[in-house]
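# Provide a 3D model corresponding to the input given below.
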Amino acid sequence: MPEKVLSPARHEPTDVDARFILIGVPLFVGTVIALALLVLWLFPGAVIDRTMRLPLPQYPNPQLQPDPRADMAKFYSEEMRWLNGSGWIDKAHGVTHIPISEAMRLVVQEGIPGWPAAAGKPQ
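Numbering: from 1, shown residues only. Alright, predicted model coming up:
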């Protein structure tokens, strides 16, 4: 059986016309420049120099928590002392805080001004 013979490789002279290159490349470059100018117009503050100034700020080293359970217990006891205690918040303006149980009892007795009444509670 005879072997098929391939014709020699050649290029297509009509793939890309020279006119396309002469018009397309400047059009592409012009589009890129127009888009860059559009971005600069839309975001004028985006070209601000954001370099860090020397000397760099010195921040304190992180403080490790050697005993988290004791810290949480101390925090909890301080919060409970505040919630269950009374005292002045602003003595000049006469603002105090009262124990939370007392505050809840007063809210139940007197209500909150402007708050809707409960469904089963007579007014």
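# From now on I want contacts and neighbour counts done on CA atoms only, so please keep to that.
Fine.
# All the helices of this structure, residue numbers only.
18-42, 68-84, 100-110 (DSSP state H).
# mind giving me the domain ranges of the protein?
As recorded under automatic domain parsing, the domains making up the chain are 18-44, 72-110.
# got any ranges where this structure has weak pLDDT?
Residues of the chain meeting the criterion pLDDT under 70: 1, 13, 46-50, 118-123.
# Switch the domains of the chain over to CSV; also include distance to L6.
Putting these into CSV (distance: least, CA to CA, whole Å) gives the following:
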stretch, distance to L6
domain 18-44, 30
domain 72-110, 85
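# In JSON lines: these, plus distance to L64 and mean neighbour count.
As requested, these are arranged in JSON lines below (distance: least, CA to CA, whole Å; neighbours: other CA atoms under 10 Å):
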{"stretch": "domain 18-44", "distance to L64": "43", "mean neighbour count": "11"}
{"stretch": "domain 72-110", "distance to L64": "14", "mean neighbour count": "12"}
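# nearest to E3, of the ones you listed?
When these are compared by CA to CA, domain 18-44 sits nearest E3, at 39.0 Å.
# Output the helices of the chain as CSV; include the columns distance to L54.
Below are these laid out as CSV (distance: least, CA to CA, whole Å):
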stretch, distance to L54
helix 18-42, 28
helix 68-84, 37
helix 100-110, 52
